[in-house]
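S.K.: Quick one: sequence plus predicted model below, questions after.
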Amino acid sequence: MALNLTDTADLFVNNIASAVRNVAGQDVTTVEGFSQTQLQSLAQQSALITGMIEANEFTDDERDFYLIGLKQMAMGFAQTLIGIVVVEVEKLFNAIITAIYQSINTIAGAALPLPV
């Protein structure tokens, strides 16, 4: 039996898109909540430091100490986001490969194992 390649390609598109939506939809809320919390903390810390500098409440060493801490806080936030993105890409890749192999198995009546 010859496959209609247009219909088959459409099936793959639908299955892959569904797999991506399932993975991304679950994690977007988590990442968004984490990001909002961290951004709020960075903003509040920045405002506090700005207020103290403006009021001339810090010595030069204290100001530098708090600014270094703020820089480290921002770097930690950025590095955590990078880690989350790396994990998300891996999860998306796995979902896409699974959808492709399941579609092949269903359409072709095969039993191909998922690649490792």
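M.R.: Alright, I've got the coordinates. Everything quoted here is computed from the prediction, not taken from an experiment.
S.K.: Can you name the next helix or strand after the lowest-mean-pLDDT helix or strand in the chain?
M.R.: When the helices and strands of the chain are compared on mean pLDDT, DSSP states H and E, helix 5-54 comes out lowest with a mean of 85. Tracing the chain C-terminally past helix 5-54 and defining elements by DSSP states H and E, one meets helix 60-108 next.
S.K.: Between helix 5-54 and that next one, find me the angle.
M.R.: Interaxial angle, helix 60-108 versus helix 5-54 (axes from the mean of the first three to the mean of the last three C-alpha atoms, to 10 degrees): 170 degrees.
S.K.: Now do helix 60-108: which elements does it pack against?
M.R.: Judged by 3 or more C-beta pairs under 8 Å, 6 or more residues apart in numbering; DSSP states H and E, the packing partners of helix 60-108 are helix 5-54. For every residue, glycine as well, the C-beta is placed using N, CA and C.
S.K.: okay, which residue is most central for this protein?
M.R.: For the chain, the residue nearest the mean C-alpha position is Val85 (3.5 Å; C-alpha atoms, centre = their mean).
S.K.: and the gap between it and Val31?
M.R.: As judged by C-beta to C-beta, to the nearest Å, Val85 and Val31 stand 8 Å apart.
S.K.: can you check Val87 too?
M.R.: Here Val87 is placed at a distance of 10 Å from Val31 (C-beta to C-beta).
S.K.: which one of these two has more residues nearby?
M.R.: Val31 (16 against 12; other C-beta atoms under 10 Å).
S.K.: Give me the residues contacting stretch 79-97.
M.R.: 16, 19-20, 22-24, 27, 31, 34-35, 38, 114-115 (C-beta atoms under 8 Å, 6 or more residues apart in numbering).
S.K.: mind running it again at 7 Å?
M.R.: Ile16, Ala19, Val20, Asn22, Val23, Ala24, Asp27, Val31, Ser35, Leu114, Pro115 (C-beta atoms under 7 Å, 6 or more residues apart in numbering).
S.K.: what do you get for stretch 14-25?
M.R.: Lys91, Leu92, Ala95, Ile96, Thr98, Ala99, Ile100, Ser103.
S.K.: Quickly check those for the two that are furthest apart.
M.R.: Lys91 and Ser103 (18.6 Å; C-beta to C-beta).
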